[in-house]
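Engineer: predicted model, plus sequence, below.
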Amino acid sequence: MKNLKSYILHLKSNSGFTPLETSHLTSRKPKGKLTRRNNKFLTGFTLMELMVVLTISALLFTGLIININGQRAPRDIKIAQSQLVSNIRKAESYTLSSRNMPSGQPAQYYVVKFDLTKPTEYTILGIFNANTSPQVQEVEKIQLPVNVKISAISISNRLQAPATQTVNALTGCAMVAFAAPYGKVLFNSGCSPVTFPDNPYTIVASPSPDDYSKLVTFQTNVACAFEIPPNPAACSASTDSLMTITLTNSGNASLQNHVIINSITGGVSFD
C-alpha cells in the first residue's frame with residue numbers, strides 16, 4: 001500500500017494527472033466491424049441513397065427535355081415567319097434597287113413563288129426581257145425550318161371576280177410579284193409551269209398563256225386579255241388585294257402563324 005501511494009504521488013508530481021484522468025488518452029480499437037454507428041467519422045453514400053439521387057436526377061432531366069421540346073415547335077414557326085417576311089422584303093428591295101439577275105440581265109420583276117406540292121420551301125424568281133421576249137429564272141430557293149410547312153394561301157379583297165381565291169392546299173401554287181421601277185405588288189393564283197424545262201424559261205404569251213405571262217400582261221394594262229371569259233371575270237392575276245400565307249407545324253396543325261402581304265401599300269405583316 002505504501003508503495004502504491006508513492007507511485008501515485010510520483011505520477012502527480014511528474015504529469016499533474018491521476019491514472020484515471022489519463023485513461024482516456026489510451027488508444028483503443030473499436031470492437032466489431034467499422035460502421036457508421038461505431039465510427040462517426042466514416043463518410044460516403046449507401047447504395048439506397050445513391051439510387052434515390054439518381055432517380056431524382058433522371059426525373060428532373062426528363063422534365064427539362066419535355067419542356068424544351070414543347071417550346072421548340074412554336075419557336076420554329078416564329079423563325080420561319082420572320083424569315084419569310086425578310087425574304088419577301090428582300091425580293092421587293094431587289095426590284096426597288098433595280099438589281100440585275102445573276103446572269104447580268106436587268107430584271108423587270110422579282111417574284112416569290114409558293115408551290116404547295118413542295119410546302120417546305122419557296123423560291124425567288126426574276127423576270128427579264130419583259131417587253132420583248134420575257135424569260136423567268138430562278139434566283140434563290142429557301143428551305144423552311146424542320147417541321148414547318150406552308151399549309152394554305154388565300155388572296156382576298158380582290159376587285160375582280162372571284163373576290164377571294166383559295167389556293168388548293170395539296171396541288172396549288174401562288175406568286176407575289178414586285179414590278180420595277182416602283183415595286184408595284186401583283187398576285188397570281190397559279191405558277192404554271194411549276195417546274196421549268198429550261199432555266200431561264202421563256203414565258204409563253206399565246207395561244208395559251210402561262211401564269212408568268214398573266215402577271216406581265218396584267219401589269220401592262222391588258223389585264224386578263226387571254227382569260228375566258230375576259231376581264232374582269234375569272235382573272236387569276238390581281239392587285240389592290242391581300243395575300244395570306246399560313247405556316248403550320250407538321251406535327252401539330254393547331255400551331256399556326258400567318259404572313260399577310262398588302263398589295264395596296266406594299267406592306268408585309270404577321271400575326
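Structural biologist: All right, it came through fine.
Engineer: I figured L215 hits M175, correct?
Structural biologist: Yes - contact criterion C-beta atoms under 8 Å: L215 and M175 qualify, at 6.9 Å. Bear in mind the C-beta positions are built from the backbone N, C-alpha and C, glycine included.
Engineer: anything in contact with each of these two?
Structural biologist: Residues touching both L215 and M175 (C-beta atoms under 8 Å, 6 or more residues apart in numbering) are V111, N188.
Engineer: list the residues that contact the residue nearest to the spatial centre of the chain.
Structural biologist: What sits nearest the mean C-alpha location of the chain, by C-alpha atoms, centre = their mean, is D76, with 2.9 Å. Contacts for D76 (C-beta under 8 Å, 6+ apart) come out as P145, V146, N147, V148, N249.
Engineer: so which strand or helix has it?
Structural biologist: Taking DSSP states H and E as the criterion, D76 maps to helix 47-96.
Engineer: now the helices for the stretch 101-250 of the chain?
Structural biologist: Here the stretch 101-250 of the chain has its helices, by DSSP state H, counting those that start in this stretch, at 211-219.
Engineer: for G126, what are its contacts?
Structural biologist: By C-beta under 8 Å, 6+ apart, the contact set of G126 is Y94, M101, Q105, A107, Y109, Y110, V111, V136, Q137, V139.
Engineer: mind checking which of those land in strands?
Structural biologist: Counting by DSSP state E, the part of the contacts of G126 found in strands is A107, Y109, Y110, V111, V136, Q137, V139.
Engineer: give me the number of residues near the nearest residue to the last one once chain neighbours are set aside?
Structural biologist: With sequence-adjacent residues excluded and distances taken as C-beta to C-beta, 6 or more residues apart in numbering, V139 is closest to I124, at 4.6 Å. Burial of I124, expressed as a neighbour count using other C-beta atoms under 10 Å, amounts to 18.
Engineer: what's across from I124 in the sheet?
Structural biologist: Applying DSSP bridges to I124 yields these beta-bridge partners: V112, E140.
Engineer: how far away is it from T95?
Structural biologist: 11 Å (C-beta to C-beta, to the nearest Å).
Engineer: likewise L170?
Structural biologist: From L170 to T95 the distance is 31 Å (C-beta to C-beta).
Engineer: of these two, who's got more company?
Structural biologist: Using other C-beta under 10 Å as the criterion, L170 and T95 rank with T95 on top: 23 against 8.
Engineer: for the nearest residue to that one once chain neighbours are set aside, name its beta-bridge partners.
Structural biologist: Residue nearest to T95 in three dimensions, not counting chain neighbours: F178, with 4.0 Å by C-beta to C-beta, 6+ apart. Beta-bridge pairing for F178 (DSSP bridges): Y110, V185.
Engineer: I figured F178 hits S97, correct?
Structural biologist: No - counting by C-beta under 8 Å, S97 is not a contact partner of F178; they are 11.0 Å apart.
Engineer: if you count what's nearby, which of these two comes out ahead?
Structural biologist: A count of neighbours by other C-beta under 10 Å puts F178 above the other of F178 and S97, at 24 against 11.
Engineer: roughly how far apart are the more buried one and T217?
Structural biologist: Distance from F178 to T217, counting by C-beta to C-beta: 17 Å.
Engineer: please apply the same query to F196.
Structural biologist: 19 Å.
Engineer: the more surrounded of the two?
Structural biologist: Shown here are F196 and T217; by other C-beta under 10 Å, T217 has more neighbours (21 against 15).
Engineer: looks like the more buried one contacts D210 (just checking).
Structural biologist: No - the pair T217 / D210 is not scored as a contact, 10.9 Å apart, by C-beta under 8 Å.
Engineer: the helix holding D76 - what's its average pLDDT?
Structural biologist: Here helix 47-96 scores 83 as its mean pLDDT.
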